[in-house]
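Asker: Fold the stuff below for me.
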Amino acid sequence: MRILRAMDPDKIDLRQFTPDRIRNFSVIAHIDHGKSTLCDRLLEVTGTLSMRTKNEQFLDKLQVEKERGITVKAQSASMIYEHKGTNYLLNLIDTPGHVDFSYEVSRSLYACQGALLLVDATQGVQAQTMANFYLAFEQGLTIIPVINKIDMSTADPERIEKEIDNLFDFKPQDTIRASAKAGIGITDILNAVIERIPAPESSNDEPLKALLFDSWYNEYKGVVCLIAIKNGSVKKGDMVHLVQPNQNYEVLELGILYPDEKPMNALYAGQVGYIITGMKSVREARVGDTLHHVRSPVTPFPGFKPAKPMVFAGIYPVESTDFELLRDAIEKLTLNDASITVEKKTSVALGLGFRCGFLGLLHMDVFKERLEQEYDLAVIATAPSVLYKIKMKYTGQVVDIESPSDFPDVQQIESILEPMITATIIVPKEYLGAILKLCEENRGVQKNLTYLSEDRIIVTYLLPLNEVATDFYDKLKSVSSGYASLDYEEAGYQEGDLVKMDILLNGAPVDALSVILHRESAPRVGRVIASKLKDTIHRQLFAVAIQAAIGAKVIARETVSAYRKDVIAKCYGGDVSRKNKLLDKQKAGKKKMKQVGSVEIPQEAFLSILKKD
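Answerer: Okay, the predicted model is just below:
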């Protein structure tokens with residue numbers, strides 16, 4: 001492995017890198033196939049990172065990424081590499097692998113002309129490998145297949161080459177064998193990037209036109225925008241215009257990520273870099289926006305197709321006084337991740353908070369962790385729910401419902417439609433039976449079953465999103481010993497036998513605990529919720545009846561027994577009528593107390609229900 005000497009960032013002259021000497025490429029793969037490690041080696045070989053320090057997942061900068069060992073946020077870095085006596089500027093974007101961050105991947109690919117498709121030599125093609133391949137293929141990118149981890153004892157590159165040929169039609173001679181950890185094949189990859197990936201179709205002679213494809217908030221510098229320059233050039237001190245907010249800004253600082261922020265005097269056509277303009281609000285920098293010089297308007301880019309949230313959850317501060325801090329933190333994070341939808345909500349149980357839409361469960365978990373780690377906030381995330389469509393009986397109107405509290409009267413409902421997904425599962429054949437059973441239990445309908453190789457199978461199922469939005473992924477990993485991989489996409493809406501289940505305390509419904517679910521699973525869920533509430537609601541001086549009901553029909557019940565004073569303790573012998581008189585008097589008092597008394601539900605009771613099990 002040939003290591004290039006690091007170029008002094010102060011001596012880099014970006015003017016020499018005309019569009020024909022620039023390559024913009026991304027690394028795409030399934031989760032845990034070695035993307036971040038490969039990026040470390042590419043940065044080391046090109047001299048961008050020093051070999052003196054131990055670089056492990058250098059581009060995974062978030063605390064949650066380091067803790068979980070996954071990439072959550074696409075990160076960019078520029079490298080300079082000498083090939084056949086000519087220096088080339090390579091702009092690399094490391095992307096997430098998990099299905100929940102596919103929007104982040106598609107956005108990053110928009111700024112590239114090619115992609116490295118990374119496949120693990122031990123695991124082979126996985127569900128997200130296929131999904132990411134088609135994302136890149138649909139955008140017309142040049143794809144270079146790379147088989148990683150060939151140095152492992154269980155590696156089988158010949159079998160993986162057959163899978164890649166079978167699925168994506170790449171011949172073995174087009175595939176590069178590498179090991180990011182051992183540094184094998186890294187120069188072959190860099191040479192292939194320069195020789196196979198086309199240069200950006202850009203011109204320095206045309207007016208400035210740049211795509212804003214990422215942005216983040218810096219505590220000291222404010223909003224930092226990452227731009228890919230299509231045409232023209234921009235230098236420090238220029239006045240630029242952003243199309244969406246329709247505002248002008250002065251360029252205060254710009255530069256490239258090498259791999260950290262390195263200020264430059266100017267950026268030119270085909271290059272990727274950052275720009276700081278002193279924006280007053282995080283709302284101004286929206287990904288997909290177009291940037292141009294103030295007096296030279298251009299036709300704006302079409303922008304990115306907005307992401308459709310799949311899962312909804314409430315985010316509430318534990319301390320109500322932290323609401324303003326939570327709002328600021330969510331604003332800054334949604335600048336960084338535009339796929340999240342946010343709406344202000346008030347809960348009877350939890351106070352002021354936000355109703356957020358996410359692309360999946362991991363997306364939701366990571367967002368909550370980032371709020372806690374990066375902004376030091378204590379927050380409660382409610383149980384995830386999905387968006388239903390209800391067709392009204394008399395008006396024929398279709399109403400969107402994402403919260404049980406908005407559920408209309410049963411008499412007015414003609415039908416309820418629930419969101420469906422098409423799930424692609426790749427699984428070793430010995431676990432096929434367990435996977436099929438799991439999908440059937442979650443009301444799945446099998447659509448396809450094909451053999452990827454002799455011992456691996458691709459199964460396609462139509463599943464209700466409501467069933468998948470809780471613990472389906474965890475169960476999938478459990479029944480397959482971690483070998484199954486899942487990818488999913490929207491499959492429209494389908495009519496379902498859904499009901500609203502109310503939780504009653506002494507006959508009074510508690511809106512915050514109502515849920516929408518399938519009629520068959522209602523009794524089981526009702527028993528679980530009633531049991532949890534019995535354990536967390538404090539005993540009163542009167543009995544508390546906890547009931548789960550669909551309309552007027554009670555399907556589960558638990559009772560929190562009352563505190564009782566031993567009123568007959570003072571009776572020593574004597575007539576039994578005296579004891580009965582005291583007991584009857586106590587009974588009448590309890591009955592009256594039940595009529596006027598109210599049950600206060602402690603916050604931990606809500607948390608035990610609202611938190612995902």
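
Asker: so where's the stretch 401-550 of the chain uncertain?
Answerer: The stretch 401-550 of the chain contains residues with pLDDT under 70 at 470, 512, 541.

Asker: Okay, strands next: where are they in it?
Answerer: Per DSSP state E, counting those that start in this stretch, the stretch 401-550 of the chain carries strands over the ranges 413-428, 445-451, 456-464, 485-495, 498-505, 508-509, 515-518, 544-550.

Asker: likewise the stretch 151-300 of the chain?
Answerer: Counting by DSSP E, counting those that start in this stretch, the stretch 151-300 of the chain has strands at residues 176-177, 209-218, 222-231, 233-235, 239-242, 247-250, 253-257, 261-263, 266-268, 272-276, 289-293.

Asker: ok, which stretches of the stretch 51-200 of the chain are helices?
Answerer: Ranges of helices within the stretch 51-200 of the chain are 63-68, 102-109, 127-138, 157-168, 186-196, based on DSSP state H, counting those that start in this stretch.

Asker: Which among those is found nearest to Tyr274?
Answerer: helix 102-109 (14.7 Å; C-beta to C-beta). C-beta coordinates here come from the backbone N, C-alpha and C atoms, glycine included.

Asker: what is the rounded mean pLDDT of the closest one?
Answerer: Helix 102-109 comes out with an average pLDDT of 72.

Asker: which helices and strands sit right next to it?
Answerer: strand 22-29, helix 127-138, strand 209-218 (3 or more C-beta pairs under 8 Å, 6 or more residues apart in numbering; DSSP states H and E).

Asker: The first one: partners in the sheet, and parallel or antiparallel?
Answerer: Based on DSSP bridges, the pairing partners of strand 22-29 within the sheet are strand 86-94 (parallel), strand 114-120 (parallel).

Asker: what residues does the longest one touch?
Answerer: Judged by C-beta atoms under 8 Å, 6 or more residues apart in numbering, the contacts made with strand 86-94 from elsewhere in the structure are 14, 16-17, 21-27, 35-36, 39, 42-43, 46, 59-60, 71, 74-82, 108, 111-112, 190, 193-194, 271-272.

Asker: Now the buried members of those residues.
Answerer: 14, 17, 21-27, 35-36, 39, 42-43, 46, 59-60, 71, 74-82, 108, 111-112, 190, 193-194, 271-272 (16 or more other C-beta atoms under 10 Å).

Asker: State the distance from the residue nearest to Lys345 when sequence neighbours are not counted to Lys500.
Answerer: Distance criterion C-beta to C-beta, 6 or more residues apart in numbering; nearest residue to Lys345, sequence neighbours excluded, is Arg355 at 4.3 Å. Distance check for Arg355 against Lys500: by C-beta to C-beta, to the nearest Å, it reads 18 Å.

Asker: go on, Arg370?
Answerer: Distance from Arg370 to Lys500, by C-beta to C-beta: 33 Å.

Asker: count of residues packed around the residue lying closest to Thr422 once chain neighbours are set aside?
Answerer: Nearest residue to Thr422, sequence neighbours excluded (C-beta to C-beta, 6+ apart): Ala491, at 4.4 Å. The burial count assigned to Ala491 is 16, neighbours taken as other C-beta atoms under 10 Å.

Asker: Equivalent analysis for the one 4 residues further on, please.
Answerer: By the criterion of other C-beta under 10 Å, Glu495 has 12 neighbours.

Asker: and what of Val560?
Answerer: For Val560, using other C-beta under 10 Å, the count is 20.

Asker: Which pLDDT value belongs to the spatially most central residue of the chain?
Answerer: Using C-alpha atoms, centre = their mean, the residue of the chain that lies closest to the mean C-alpha position is His363, 2.4 Å off. We have a pLDDT of 79 for His363.

Asker: the inter-axis angle of whichever strand or helix holds it versus helix 102-109?
Answerer: If you go by DSSP states H and E, His363 is part of helix 361-375. Orientation check (axes from the mean of the first three to the mean of the last three C-alpha atoms, to 10 degrees): helix 361-375 against helix 102-109 gives 80 degrees.

Asker: For helix 361-375, what is the distance to the chain centroid?
Answerer: 10 Å (C-alpha atoms, centre = their mean, to the nearest Å).

Asker: can you check stretch 84-97 too?
Answerer: 26 Å.

Asker: Same check on stretch 230-244?
Answerer: 32 Å.

Asker: What separation is there between the residue nearest to the centre of the chain and Asp214?
Answerer: According to C-beta to C-beta, His363 and Asp214 sit 17 Å apart.

Asker: Equivalent analysis for Arg327, please.
Answerer: Distance of Arg327 to Asp214, given as C-beta to C-beta: 23 Å.

Asker: Comparing those two, which residue is more hemmed in?
Answerer: Between Arg327 and Asp214, counting by other C-beta under 10 Å, Asp214 is the more crowded of the two (27 against 16).

Asker: which one is that one nearest to, not counting chain neighbours?
Answerer: Leu226 (3.9 Å).

Asker: Burial check on the one you found, number of neighbours?
Answerer: Other residues lying near Leu226 total 23 when counted by other C-beta under 10 Å.

Asker: so it makes contact with Leu267?
Answerer: No - Leu226 is not in contact with Leu267 according to C-beta atoms under 8 Å; the separation is 11.2 Å.

Asker: what residues do the two have in common as contacts?
Answerer: Counting by C-beta under 8 Å, 6+ apart, the residues touching both Leu226 and Leu267 are Gly273.

Asker: hey, what's Ser415 bridged with?
Answerer: With DSSP bridges as the rule, Ser415 is bridged to Lys391.

Asker: returning to that earlier point: who wins for proximity to Ile160 among the strands paired with strand 22-29?
Answerer: Closest to Ile160 of the strands paired with strand 22-29 is strand 114-120 (C-beta to C-beta; 5.8 Å).

Asker: Tell me the spacing between the residue nearest to the centre of the chain and Ser281.
Answerer: Counting by C-beta to C-beta, the gap from His363 to Ser281 is 24 Å.

Asker: before we move on, the earlier item: worst mean pLDDT among the strands of the stretch 151-300 of the chain?
Answerer: Of all these, the minimum mean pLDDT falls on strand 209-218 (a mean of 83).

Asker: May I see the buried residues of that one?
Answerer: So, applying 16+ other C-beta under 10 Å, buried residues of strand 209-218: Lys209, Ala210, Leu211, Leu212, Phe213, Asp214, Ser215, Trp216, Tyr217.

Asker: Ok, stretch 180-199 next?
Answerer: Applying 16+ other C-beta under 10 Å to stretch 180-199 flags Ala180, Ile184, Gly185, Ile186, Thr187, Ile189, Leu190, Ala192, Val193, Ile194, Ile197, Ala199 as buried.
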